[in-house]
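A.B. asks: Need the 3D shape of this:
(chains A and B)
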Amino acid sequence: MQPKLKSKVRCTDREVGEVTRVIVDPLSLKISHIVVGGNGVGGAERQVPMSEVQSVTDDLVQLRTASGALAQFPPLKRDEYVTTHEVEIAHLEERLHVQPGEVLVPLPALERNVPRRTFFTNLTHAIGALVALPFAFPVLKYLMKPMYAPFDNRWLKVGNVNRIKAEDVGVQFKYKKIVKEAFMPEAEVDKNVWILKASPAVLEEVYKGKDMEFRDQAGRLVWTNKKDIPYVVFSGKCPHLGCGYKWRKVPKLGKEIFLCPCHLSIYEPSGKVLDGPAPRPLDPLPIRVDAAGNIQIIDIEFKAGTKAQTRIV
Amino acid sequence: MSAQPNLLEKVIAFVDERVGLKTLQAKMLHEPVPGGSRWAYVFGSCLLFIFIMQVVTGILLMFYYVPSADHAYASTQYIIHEVDYGWFILSYHFWGSSAMVVMVFAHMSQVFLWGAYKSPREMIWLVGLALFGIVMAFGFTGYLLPWDQRAYWATTVGVEIMDKAPIVGDFLARFLKGGPTPGQMTLSRFFVIHVMILPAALMGLAGLHLFLFRKAGPAGPFRGTPDELKAKTDYFFPRQVWKDMVAMGAVFATICSLAFIEPVVLLEEATPDPGEYHPEPEWYFLFLFQLLRLKIFSGEFGQFLGGVAIPGAFMVLLAALPFIDRSPERNIFKRPVALVGWILIMTSILIFTVSAIINREFLD
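C.D. replies: Presented below is the predicted three-dimensional model:
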C-alpha cells in the first residue's frame, strides 16, 4: 500500500505530523520518500526515505525511527523538485495512489438512465457503413477506368529491310507510335523493335517448324507469321522485367548477342535465353514485309517476368 | 521593475490560459531520459527534421512543376535552369530523400541494436516499420515525377516487380500504372500518391509513433544498474535537445553541401526507348536490383522469390520480431543471433549495392 497524502505519521514513540507530499522515483515509478510536516518535526518538512517506513494503513504511516531522531533526515528543498504536472513520465499517474479516496465528477442527469446505449453505438456504425458502402463501388470504378485498355492491332510502319545487311544480326528499328491517352492530346511516343534476317537455323529455332499465331482479346486470329519468312521481329521490351535491351558484341563469347543492361539477361539471335534471369525467350511480334521491302508490325506487349506470354497491349 | 505585466506577458498569459501552453511545453521538454542524453538518440529527431524540410521544398517545387506527361520534364528543367535557386530547391529535395533513407536505416539499426523494440514498445516498432515502408514508397513515387529516362525505367521495372505479387499483383500493377503501360495515368497516380496520400499517412503515423513513444517512455541504455541510470538521468531538454539540434544542423549542412556539389541533372526525357541509357534505380534500391540479376532468382519463380517473397518475408520477420524475441535482455552483446543477423543483413546490402555499382562499367 502506498502512503496517502494527509495520512498521520507516527514514530516509535509518538505521532509527529502528517504526509505533506510524496517523492517519486522517475525510473522505477515507486515512491522513494515521504515528506513529513507538522509540529513534531520542528516546523521544517523532512524527507523520510521509504526504507524508514515500517507499515502503511489507510490513514497512518508508521516509521521505524524515534521522534528524537527525525532531525537526521534532510529538510525538503522544494526547488530541487518539479511537480508531476511539469514533467512527462510514462504511466506515472496510473501507478500513484496517494490521494485519499476518489475525486468525483457528477454524471449529467440526462446520461443517468439512457437505455439502448448499445443500439445508439451500433446505429452510428450503421450510418457510417451506409455512407461508405455505396461510395466504395463508384470509387473503385472511378480509379479503375484506365486500367484495362483494349488491344490495338494496327499495323505500324517501322522501316525498310534494306537496312539489314547481314544475317542473324539484330538491327534496331525505331518508330513513332501515336498514342491518345485519356484527356491528353495525341502524342508521339518513341518505340523500338529489333529485327533480324534469320538464317534457316535461327529461323527453325524461332518457329520450331510451326507458323506463329497472334490473337486478340476475344481469341480471334489477328495474324500468322509464316515459318519460312526470314524476317523476325522482337518486341523491344525485355521479357524479364521490361527494360530495353541492346545488341552487343561480347568478346568473351566471341559473338554478338542481345543483352539487357538491367538485370543482365542474354539472348541468342533467335531470342533464346543464353544466360541471366529471364524466364522466357524474346517475344516475336507479327511482321509483314511488302514487295518494296517495307516492314510493318503490330505493336504487341506481353507481360514481363512470366514464363508464358500474357498479352497486355 | 513594475509588478504590472507588459503587453507581451499579457498576450502569453491570454494564450496560455486557453491553450495550456506552459503545461504543454513543460510536458514536452521535461521527459526524463533514463541514463541520460546520448548522441545515439538523435536519429528520430533528425528524421522529423528531414521530413519537414522535404515538405517545405516539396511545396516549393509544386509552384512550378506540372504533373503531365508532356510538361513534367519541361517544368522540371525550367525549375533547374530558369527559376532562381530552383536547382537548389530541387537538389535539396533530391538529396533530402537520400538522407531520409540513410537516417531511417540508422534509426532502425539503433532501435534494433539497443533492443528498444522489446516489450512494452512493440507498437512503436510496428508503426515504425509502416513508416519505413512509407519512406521507401516516397522514394519510389518521387523519382518518376521528373519524367526522365531514369524515372521511366525505374518505374517500369519497379511496377513489373509488384506485378509478381500473388493474386493482387496484376491488379496492383495496372492500378499503379493506370493502364497496361506507363504513361500519363501513371504520372498522375504517382503524383497524387507522392504529394497527398503518403504525406498524410506519414504525418498521421509519425504522430502515432511519437504518441506511443511518449506513452511507453524512452528505453534508455541496455547496460547499467537502476542506480547508475538514475544518477545519469536528465530531461529531454536541454541536453538531448541540444544534441538533436547539433545533429539536425549537421544533416542540413550535409544536404546543402551535396546539393551544391552534386546538383540534380536530368537525363533525357522519358520514352519507351532507353537508347544508350542503362536503366538503374536510385541507390537505395540498387541492392534489390542487383539481387534480381542473380542466377538463383531467374525464371518466373525465381523472380517471385527475389522480388516479392524474400523482401516480404523479411518485413514480416521484422514485424514479428518483438513477439518472437521475448527475452527481456537488451544488451546487444548478449544477443548473438540479433548481432550476427544485423551484421549479415547490413553487409549483404552493402555488397549488393557495391557490386551493382561495379557492374556499371562492364555495361559500357
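A.B. asks: Same question for the lowest-mean-pLDDT helix or strand in chain A: list its buried residues.
C.D. replies: When the helices and strands of chain A are compared on mean pLDDT, DSSP states H and E, strand A:246-250 comes out lowest with a mean of 84. Residues A:246, A:247, A:248 are the ones in strand A:246-250 that count as buried (16 or more other CB atoms under 10 Å in any protein chain shown). Backbone N, C-alpha and C define where each C-beta goes, glycine included.
A.B. asks: Please apply the same query to stretch A:80-96.
C.D. replies: A:87, A:88, A:89, A:90.
A.B. asks: And for that stretch, what's in contact with it?
C.D. replies: Stretch A:80-96 has contacts (CB atoms under 8 Å, 6 or more residues apart in numbering or on different chains) with A:2, A:22-24, A:26, A:29, A:31, B:23, B:26-28, B:30-32, B:214-217, B:235.
A.B. asks: Can you show me the helices along the stretch 151-300 of chain A?
C.D. replies: Secondary structure of the stretch 151-300 of chain A by DSSP state H, counting those that start in this stretch: the helices cover A:200-207.
A.B. asks: Can you name the residue of the stretch 51-200 of chain A nearest to chain B?
C.D. replies: Nearest residue of the stretch 51-200 of chain A to chain B: residue A:90, at 3.4 Å (CB to the nearest CB).
A.B. asks: For that residue, give its distance to residue B:238.
C.D. replies: 21 Å (CB to CB, to the nearest Å).
A.B. asks: Next: residue A:205.
C.D. replies: 75 Å.
A.B. asks: again, but for residue A:220
C.D. replies: Taking CB to CB, one finds residue A:220 at 76 Å from residue B:238.
A.B. asks: Tell me which of those two has more neighbours.
C.D. replies: Neighbour count, other CB atoms under 10 Å in any protein chain shown: between residue A:220 and residue B:238, residue B:238 has more, with 12 against 8.
A.B. asks: Spit out the contact partners of residue B:255.
C.D. replies: B:50, B:53, B:92, B:95, B:96, B:99.
A.B. asks: What does the pLDDT read for residue B:364?
C.D. replies: Looking at residue B:364, its pLDDT is 61.
A.B. asks: and stretch B:254-266, which residues are buried?
C.D. replies: Quick answer for stretch B:254-266 (16+ other CB under 10 Å): B:255, B:258, B:259, B:264, B:266.
A.B. asks: let me redo that: stretch B:164-183
C.D. replies: Neighbour count says stretch B:164-183 has B:164-165, B:169-170, B:173-183 buried, by 16+ other CB under 10 Å.
A.B. asks: And for stretch B:56-64?
C.D. replies: Those would be B:57, B:58, B:60, B:61, for stretch B:56-64 by 16+ other CB under 10 Å.
A.B. asks: Could you find which two of those residues are furthest from each other?
C.D. replies: Farthest apart among the buried residues of stretch B:56-64 by CB to CB are B:58 and B:60. That separation is 7.2 Å.
A.B. asks: now residue B:258: how far from residue B:98?
C.D. replies: Taking CB to CB, one finds residue B:258 at 8 Å from residue B:98.
A.B. asks: Give the helix, strand or coil label for the closest residue to residue B:303 other than its chain neighbours.
C.D. replies: The shortest distance from residue B:303 to any non-neighbouring residue, by CB to CB, 6 or more residues apart in numbering or on different chains, is to residue A:305 (5.1 Å). The three-state label given to residue A:305 by DSSP: H, G, I helix; E, B strand; the rest coil is coil.
A.B. asks: got it, and residue A:54?
C.D. replies: Relying on three-state DSSP, one would call residue A:54 strand.
A.B. asks: now chain B, which segments are flagged as low pLDDT?
C.D. replies: Within chain B, the stretches with pLDDT under 70 are B:1-2, B:364.
A.B. asks: Tell me which stretches of the stretch 101-250 of chain A form strands.
C.D. replies: Counting by DSSP state E, counting those that start in this stretch, one finds strands in the stretch 101-250 of chain A at the ranges A:155-160, A:171-179, A:187-197, A:212-215, A:221-225, A:231-235, A:246-250.
A.B. asks: Let's have those in CSV, adding distance to chain B.
C.D. replies: Formatted as CSV, those follow (distance: least, CB to the nearest CB, whole Å):
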stretch, distance to chain B
strand A:155-160, 12
strand A:171-179, 6
strand A:187-197, 4
strand A:212-215, 16
strand A:221-225, 17
strand A:231-235, 11
strand A:246-250, 8
